[in-house]
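**Q** this one's sequence-less:
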């Protein structure tokens with residue numbers, strides 16, 4: 001199991017800059033991120049080297065954030081590589097709440113980042129199907 005850092009942002013100029021600058025000043029390394037937009041707000045989801053420190057630093061700066069458990073699945077870097085793990089989860093009755101991916105061309109692989117409704121069942125199903133569930137420390 002790995003953690004991701006989620007930050008709740010006002011959808012306004014300069015908000016992303018403020019988050020990224022605050023994390024950089026604290027020595028937090030961002031490995032991958034995704035932004036989900038809403039009308040007034042957005043959610044910035046990131047894989048960082050220290051999500052708990054990220055929450056503390058952002059909180060001290062008056063920003064709302066949290067660390068959430070996610071599953072990292074190593075997949076190939078080819079069309080359709082994400083289908084098998086997603087199908088395995090569906091067949092096991094696991095709901096994927098959201099997902100994003102990180103591609104590493106130097107390692108000819110990608111990492112599928114999944115937030116699911118049942119982490120234990122998801123890990124069991126994926127491992128049982130021979131799909132590699134990895135830790136953040138294994139990747140970066």
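**A** Now that the structure is in, tell me what you want to look at. Keep in mind that this is a model prediction, so the values were computed, not measured.
**Q** residue ranges with poor pLDDT in the protein?
**A** Low-confidence segments of the chain, defined by pLDDT under 70: 105-107, 140.
**Q** all helices for it, in order.
**A** In the chain, the segments counted as helices under DSSP state H are 15-25, 51-60, 83-91, 119-128, 136-139.
**Q** right, so these: which one is the most enclosed?
**A** Sort the helices of the chain by mean neighbour count, taking mean count of other C-beta atoms under 10 Å, and helix 51-60 sits at the top with a mean of 18. Heads up, the C-betas are built off the backbone N, CA and C, glycines and all.
**Q** can I assume residue 45 is in contact with residue 30?
**A** No. Using C-beta atoms under 8 Å, residue 45 is not in contact with residue 30; the gap is 10.8 Å.
**Q** More neighbours: those two, which one.
**A** The residue with more neighbours, out of residue 45 and residue 30, is residue 45; 19 against 16, by other C-beta atoms under 10 Å.
**Q** could I get the helices of the chain as JSON lines with distance to residue 108?
**A** Listed next are the helices of the chain as JSON lines, based on distance: least, C-beta to C-beta, whole Å:
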{"stretch": "helix 15-25", "distance to residue 108": "29"}
{"stretch": "helix 51-60", "distance to residue 108": "27"}
{"stretch": "helix 83-91", "distance to residue 108": "17"}
{"stretch": "helix 119-128", "distance to residue 108": "20"}
{"stretch": "helix 136-139", "distance to residue 108": "13"}
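**Q** So which of the ones you listed is nearest residue 75?
**A** helix 83-91 (6.5 Å; C-beta to C-beta).
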